[in-house]
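Mind folding the following:
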Amino acid sequence: MKAILVETNKITLPESILKKIKGKKINIISTKEGVLLKPVEDSIRSAKGLLKGSRFSTSKYFQLKQEEKKLEG
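Next up, the predicted model:
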């Protein structure tokens with residue numbers, strides 16, 4: 001990895017690193033070893049596709065909710 005000299009309040013990241021974090025929110029964490037750039041977990045995006053293949057759908061969900069209301073009433 002190429003070393004860079006930080007002379008201002010901005011740094012230029014290597015292209016390989018930039019591709020991984022570009023367009024994402026990141027946390028900048030100071031550690032004993034240096035500085036860590038860590039993407040913020042997006043719980044909605046990480047849950048995408050979670051139920052895929054489980055035979056559960058929005059129509060099945062609404063059907064279950066209607067049955068639940070009938071049992072309550």
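
what does the helix or strand harbouring residue 16 rub up against?
Under the assignment given by DSSP states H and E, the secondary-structure element containing residue 16 is helix 15-21. Under the contact criterion CB atoms under 8 Å, 6 or more residues apart in numbering, helix 15-21 has outside partners 13, 37, 39. For every residue, glycine as well, the C-beta is placed using N, CA and C.

so can I have a markdown table of those showing neighbour count and distance to residue 51?
Putting the contacts of helix 15-21 into a markdown table (neighbours: other CB atoms under 10 Å; distance: CB to CB, whole Å) gives the following:
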| residue | neighbour count | distance to residue 51 |
| --- | --- | --- |
| 13 | 13 | 36 |
| 37 | 13 | 32 |
| 39 | 11 | 24 |
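
and which of those residues is nearest to residue 25?
Closest approach to residue 25 among these (CB to CB): residue 39, at 7.1 Å.

pretty sure that closest one contacts residue 28?
No: distance between residue 39 and residue 28: 11.2 Å, which falls outside the contact criterion (CB atoms under 8 Å).

what about the strands in the chain?
Listed in chain order, the strands of the chain (DSSP state E) span residues 26-30, 35-39.

Quick one: closest of those strands to residue 57.
When the strands of the chain are ranked by distance to residue 57, counting by CB to CB, first place goes to strand 35-39 at 30.0 Å.

who does the closest one pair up with?
The strands that strand 35-39 pairs with in its sheet are strand 26-30 (antiparallel) (by DSSP bridges).

And the average pLDDT for the partner strand is what?
Regarding strand 26-30, the rounded mean pLDDT is 91.

For the protein, which segments count as helices?
Remark: helices assigned in the chain by DSSP state H are 15-21, 43-47, 58-72.

Let's have those in JSON lines, adding distance to residue 5.
Conversion of the helices of the chain to JSON lines gives the following (distance: least, CB to CB, whole Å):
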{"stretch": "helix 15-21", "distance to residue 5": "17"}
{"stretch": "helix 43-47", "distance to residue 5": "36"}
{"stretch": "helix 58-72", "distance to residue 5": "54"}
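
ok, of those, where does mean pLDDT dip lowest?
Mean pLDDT is lowest for helix 43-47 among the helices of the chain, at a mean of 70.

And for residue 30, the neighbour number?
Residue 30: 8 surrounding residues under other CB atoms under 10 Å.

All set now, cheers.
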